[in-house]
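> 3D model of this:
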Amino acid sequence: MLHDKVGDKSFITAGLDAVIDHLKEPTGDNQTSIASAISSTDKDVVEAERLALLHHFTAMKSSASTEQSHRDVHYVSRVDPVGAFQAVLAKLFKEIPGLQGYGDANPIWATTLVEQGIYDLKSFFHHVHDDVSRKEPFIASVLKEWKQLKFERAPYPAGLPATLPLSDHAKVALLADWGGDNPAARKVAAVVNRQKPDLAIHLGDIYYGGIASECETFLRLWPLQAIAGKPGAGIPPKSSLALNGNHEMYSGGEAYFSVVLKAFGQPQPFFCLENKHWRLIGLDTAYAAGRLKPTSETDPIAPQWNWLLNLLKTGEKKANIFLTHHQPVSAHTDEHNDSAPLRSDIVDLMAVDGIGQTAIFGWFFGHEHRCALYRDSELPYNARLIGNGCIPHQVQEEKAADAGCNNVDYFNKRQDAIGSGAAVSMYAQLTFQGSESAELLIEYIDEDNEVWGSEVWNAERGRLDASGKFQETDFDKQLSDQ
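Numbering: from 1, shown residues only. Below is the predicted model of the structure:
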């Protein structure tokens, strides 16, 4: 779950400093903490582990210190181990009774020495056990949790998914970067429930590190459970799908594969849904860090790539909509550069005989925590960024793309409250218009259940058809009419 202290970058860097200081000297307390974390009393083993941890956390601190904000208000690191460190802290704040609520406007903690600033942030990590639990030093708890994480990639699920039928009248909710268990995520989930979709799909990112406890929380809050009318009965069969995100991979993807996919009854982290006119193709871009194309036939993602090639070569001229976590395009320099490998993969994909430049009608993705509709005429597909699922971020102020990046026609610049400066969270809803119509209604629905705007795609008229162009809701006019 998101936590306001864990989302404070200065708190994270101070925590890393505290761990580094703790590891610098082989004192008795340090040796005891490390020995407990690795379940070994062998002095040589403990010393080797101390040096390895010191090197690792020093590198993490360097990466965290230089990491850019990505225009987020709440810090969710894109550096794998730093994100995992955030996951560990959030888990401990939740599990240690005396720390529950720390930093989240807890009335007890509001009057403590820590909150009054008598301790600096580094001292908090050193001394909090004296103030709270009077048991294990907090840093010892951090190291123990850290050593339980698995950073190597979990084995990739075997097999290929069968193409699933999609009703010609289906209503599909697309949530991206939603897995944070914060007020915005809960508001979005409530709106999804009110809209009563037939299917909900998460485009990835369970914060902070996709560990088991975070994945379990994600499932408890997943909106479609309430639609089933049986709280606690689990996810209704064939109602939900989930894609992999970079935050799930911070812990190797193990919990995403074993907890989330299992609960959703989803055998593989990629899928295809189709009806008479459309196909929704969900792809895993996270396992290979933003790539789709394998480096060899033994690459774990090779089956997905080969499956995709075969899928696109057949399809009876259906319009293909890609769903991924990572963005193929961006209006911002850093993210645009990060997405270059994925764009290269798509160039290679479209160059395959039997596929071609028109293979992708549209593409919904997250990763960047904002909503943007890119300029269709400048791309080989309609690109829609819907990554503002829950992470607090600034309202988009830029009016144009950075030099050399992708132009945007519309940004969702709504605030969560008038004058707050904080951007609204939202999701996209796709409503198919029946077997006799090739139209698809797309609504961008904010956390207050207001439709920011909508557009209509037509599988027969093509993706550049102007008759269904995006219409943004005039909220100022709505207020004046009231």
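
> element containing the residue nearest to Ala212 when sequence neighbours are not counted, please.
Setting aside the residues directly before and after it, Ala212 is nearest to Ala255 in space (CB to CB, 6 or more residues apart in numbering), at 4.3 Å. C-beta here means a position set from N, CA and C on the backbone, and glycine is covered the same way. Per DSSP states H and E, Ala255 falls inside helix 254-255.

> other SSEs contacting that helix?
The contact analysis (3 or more CB pairs under 8 Å, 6 or more residues apart in numbering; DSSP states H and E) places helix 254-255 against helix 212-221.

> make sure Trp457 is indeed in a strand.
Yes. Counting by DSSP: H, G, I helix; E, B strand; the rest coil, Trp457 is located in a strand.

> what about the chain, any weak spots by pLDDT?
Within the chain, the ranges that satisfy pLDDT under 70 run 96-136, 226-234, 476-482.

> mind giving me the domain split of it?
9-148, 164-481 (automatic domain parsing).

> how far off centre is the last one?
How far domain 164-481 lies from its chain's middle: 11 Å, per CA atoms, centre = their mean, to the nearest Å.

> that older thread, who wins for proximity to Leu2 among the domains of the chain?
domain 164-481 (4.1 Å; CB to CB).

> would you map the helices across the stretch 1-150 of the chain?
For the stretch 1-150 of the chain, applying DSSP state H, counting those that start in this stretch gives helices covering 9-24, 28-38, 43-66, 80-95, 113-116, 121-131, 138-148.

> measure the nearest residue to Ser40 once chain neighbours are set aside to Phe57 for me?
Nearest non-adjacent residue to Ser40, counting by CB to CB, 6+ apart: Val46, 6.3 Å away. Distance from Val46 to Phe57, counting by CB to CB, to the nearest Å: 16 Å.

> need the next SSE after the helix holding Ala255, C-terminal direction.
Following helix 254-255 toward the C-terminus (DSSP H and E): helix 261-264.

> list the buried residues for that following helix?
Leu261, Ala263, Phe264 (16 or more other CB atoms under 10 Å).

> closest to Ser213 out of those residues?
Ala263 (14.2 Å).

> the closest one against Phe218, yeah?
No. Between Ala263 and Phe218 there is no contact under CB atoms under 8 Å: 9.2 Å.

> ok, the residue nearest to Ala212 to Arg78 distance?
19 Å.

> the more surrounded of these two?
Neighbour totals were compared for Ala255 and Arg78, and Ala255 leads with 23 against 18 (other CB atoms under 10 Å).

> quick check, the more buried one in contact with Met249.
No. Between Ala255 and Met249 there is no contact under CB under 8 Å: 10.6 Å.

> what residues are shared contacts of these two?
Common neighbours of Ala255 and Met249 (criterion: CB atoms under 8 Å, 6 or more residues apart in numbering): Gly210.

> that older thread, single out the most deeply packed of the helices of the stretch 1-150 of the chain.
Among those, the stretch with the highest mean neighbour count (mean count of other CB atoms under 10 Å) is helix 80-95, at a mean of 22.

> with just CA atoms, put it into CSV.
Output of helix 80-95 as CSV, limited to C-alpha atoms (Å, rounded to 0.1, in the frame of the first residue of the first chain):
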residue,chain,number,x,y,z
ASP,A,80,14.4,-1.7,-9.1
PRO,A,81,16.1,-2.1,-5.7
VAL,A,82,15.0,1.3,-4.4
GLY,A,83,11.4,0.3,-5.2
ALA,A,84,11.9,-2.9,-3.3
PHE,A,85,13.3,-1.0,-0.4
GLN,A,86,10.1,1.1,-0.4
ALA,A,87,8.1,-2.1,-0.4
VAL,A,88,10.0,-3.4,2.7
LEU,A,89,9.4,-0.1,4.6
ALA,A,90,5.7,0.0,3.8
LYS,A,91,5.3,-3.6,4.9
LEU,A,92,7.1,-3.0,8.2
PHE,A,93,5.0,0.1,8.9
LYS,A,94,1.9,-2.0,8.4
GLU,A,95,3.1,-5.0,10.4
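
> distance from that helix to the middle of the chain?
For helix 80-95, the distance from its own C-alpha centre to the chain's C-alpha centre is 16 Å (CA atoms, centre = their mean).

> and the gap between the residue nearest to Ser40 and Leu54?
Relative to Leu54, Val46 is positioned 12 Å away (criterion: CB to CB).

> and Leu280, by the same measure?
47 Å.

> element containing the closest residue to Leu164 other than its chain neighbours, please.
Sequence neighbours aside, Leu273 is the residue nearest to Leu164 in space, at 4.9 Å (criterion: CB to CB, 6+ apart). Using DSSP H and E, Leu273 sits within strand 271-274.

> give me the neighbour count for Arg153.
15.

> centroid-nearest residue for the chain?
Asp205 (2.0 Å; CA atoms, centre = their mean).

> once you drop chain neighbours, what's closest to it?
Per CB to CB, 6+ apart, closest to Asp205 is Gly245, 3.7 Å.

> and that neighbour, what does it touch?
Applying CB under 8 Å, 6+ apart, the residues near Gly245 are Asp177, Gly179, Leu203, Gly204, Asp205, Ile206, Gly210, Ala286, His325, Gly366, His367.

> same thing with Tyr250?
Counting by CB under 8 Å, 6+ apart, Tyr250 has contacts Asp80, Pro81, Gly83, Ala84, Ala87, Phe151, Tyr208, Gly209, Gly210.

> state the distance from the second one to Val6.
The one in question is Pro81. Distance from Pro81 to Val6, by CB to CB: 15 Å.

> next: the fourth one.
According to CB to CB, Ala84 stands 12 Å off from Val6.

> mutual contacts of the two, please.
By CB under 8 Å, 6+ apart, the residues touching both Ala84 and Val6 are Tyr208.

> which residues in the stretch 351-482 of the chain form helices?
475-481.

> among the contacts of Tyr250, which two are most distant?
Among these, Phe151 and Tyr208 lie farthest apart (CB to CB), at 14.2 Å.

> okay, these two: which has more neighbours?
Just comparing Phe151 and Tyr208: by other CB under 10 Å the higher neighbour count belongs to Tyr208, 31 against 14.

> Val45 and Ile38 touch, don't they?
Yes. Contact criterion CB under 8 Å: Val45 and Ile38 qualify, at 7.2 Å.

> Asn458: what's it in contact with?
Contacts of Asn458 (CB under 8 Å, 6+ apart): Ala438, Glu439, Leu440, Asp465, Ser467, Gly468.
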